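Visitor: A structural model of the following input is requested.
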Amino acid sequence: MDFVIRRATAEEYDTLGEITAHAYLGDGLLDFGDDDAYLHELRAVAKRAAAAEVLVAAADGGVLGGATFVASGGPMADIARPGEAEIRMLAVAREARGRGAGEALVRACVERARSVPGCVRVVLSTQRTMHGAHRLYERLGFTRTPDRDWNPLPELDDITLLTYELTL
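Guide: Here you go, the predicted structure:
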C-alpha cells in the first residue's frame, strides 16, 4: 500500500470535493448537470467535516480519494438507525483506481465503527450502477438489505438506492 488513510485537512477539502464530484459525474452517476444540488453537496467537504469524519487516502502529498464516516446518527446520516454507523460519499480519483484506496477507506470506516460505543452495524447506500462498489462491499462482508432501499428524490422514479450493512 503506497498511501495512508487519515482525516482530511481543511487544505484538502476542495480537492476531495472535486474528486468526489468528478467520480459521480464521470461514472455517469449524476446526469442532472453541473448545477445539480447533490453535486454541490458532493463538493461541500467542509460542511461534511463539520458534521462527520471525512477520511482521505493520501499519497505523496496528494489526495487519491475519500469517504465520509458518520459515527451514530447526526445530520449526515441518511439511513443509519440507532446503533449504526454510516459510510457516505466514497470516491476515488479515476487515475488512482485499482490501488486499493477504496477498500482501505471502507476498512477504515469499519474500524472506526468498531470503536464507537454501542455501534453494532455499518450501513451504506449505493447506486444500482456502482457494480465495482457492490463487489467491494460484498467482498468485505457487507450484505444487501433490500428492505432498506430508498429513493432520495421521490419525484424521480429511477433513483432508488441500494443498501448494504455489515454487522460488527
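Visitor: Enumerate every residue touching the closest residue to Phe3 other than its chain neighbours.
Guide: Nearest residue to Phe3 in three dimensions, chain neighbours excluded: Ala59, at 3.8 Å (CB to CB, 6 or more residues apart in numbering). Any C-beta I mention is one placed from the backbone N, CA and C, and that applies to glycine too. Counting by CB atoms under 8 Å, 6 or more residues apart in numbering, Ala59 touches 2-4.
Visitor: I'd like to know which helix or strand in this structure has the lowest mean pLDDT.
Guide: The weakest-scoring helix or strand in the chain, judged by mean pLDDT, DSSP states H and E, is helix 37-43 (a mean of 84).
Visitor: buried set for that one?
Guide: 39, 41-43 (16 or more other CB atoms under 10 Å).
Visitor: which residues sit in contact with Ala44?
Guide: Contacts of Ala44 (CB under 8 Å, 6+ apart): Gly17.
Visitor: Low-confidence regions, this protein specifically.
Guide: Counting by pLDDT under 70, the chain has low-confidence residues at 1, 26-36, 153-158.
Visitor: Please enumerate the strands of it.
Guide: Along the chain, the segments classed as strands by DSSP state E run 4-7, 53-59, 62-70, 84-92, 121-126, 143-144, 162-167.
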